[in-house]
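Engineer: make a model of this:
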Amino acid sequence: MEFIFRSRVYFSDTDAGGIVYHARYLDYAEHARTEMLRTLLPSLSQKAMKETSSMIFVVKGLTIDYEKPGYLDDEITVHTKVISVKHFSTTLEQVITRGDDGDELCRIVVKAATIDSNSKKLMMIPTEVASTLLSSQG
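Structural biologist: Numbering: from 1, shown residues only. Have a look, this model is predicted:
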């Protein structure tokens with residue numbers, strides 16, 4: 001299953017030439033991951049997970065490939081898919097496309113680990129969270 005998040009490129013996202021700053025794609029991807037978790041696990045939003053289980057997701061690593069530039073006022077779509085879920089981490093693929101022509105702007109592969117928000121040490125992904133993420137792969 002693919003989670004879809006839509007946004008628009010605003011003036012603050014671009015340089016003087018109206019081209020999206022390269023780092024802004026990471027913000028779009030982060031917003032999409034947050035909304036995906038909120039949708040898949042409504043009772044376990046990032047805030048609720050921190051308060052009830054002390055579990056939080058942190059980005060362990062990522063790769064990003066830029067294909068084409070985004071421009072001021074573009075509608076963009078972030079397509080997010082769960083690639084794998086392991087004991088302590090999950091890997092997601094996020095593809096950002098332009099809304100009007102579907103051109104791929106960039107592709108991001110993100111590995112997110114789960115840590116205890118108090119101790120800052122790795123913690124296993126709770127069974128409910130893991131099974132929900134795994135079921136979204138289909």
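
Engineer: any idea of the pLDDT on the residue nearest to the spatial centre of the chain?
Structural biologist: Nearest to the mean C-alpha position of the chain, by CA atoms, centre = their mean, lies R33 at 2.9 Å. We have a pLDDT of 93 for R33.

Engineer: doesn't E93 make contact with it?
Structural biologist: No. Taking contacts as CB atoms under 8 Å, R33 lies outside contact range of E93: 11.3 Å. In this view, the C-beta of every residue, glycine as well, is placed from N, C-alpha and C.

Engineer: any residues in contact with both of those two?
Structural biologist: Common neighbours of R33 and E93 are listed as 80, 110 (criterion: CB atoms under 8 Å, 6 or more residues apart in numbering).

Engineer: where does A29 land in three-state SS?
Structural biologist: helix (DSSP: H, G, I helix; E, B strand; the rest coil).

Engineer: do a quick rundown of the helices in this structure.
Structural biologist: For the chain, helices defined by DSSP state H occupy the ranges 24-40, 46-52, 127-135.

Engineer: now distance to V9 too, for these, in JSON lines please.
Structural biologist: Below are the helices of the chain laid out as JSON lines (distance: least, CB to CB, whole Å):
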{"stretch": "helix 24-40", "distance to V9": "8"}
{"stretch": "helix 46-52", "distance to V9": "25"}
{"stretch": "helix 127-135", "distance to V9": "29"}
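
Engineer: of all those helices, which one is nearest K121?
Structural biologist: K121 lies closest, by CB to CB, to one member of the helices of the chain: helix 46-52, at 14.7 Å.
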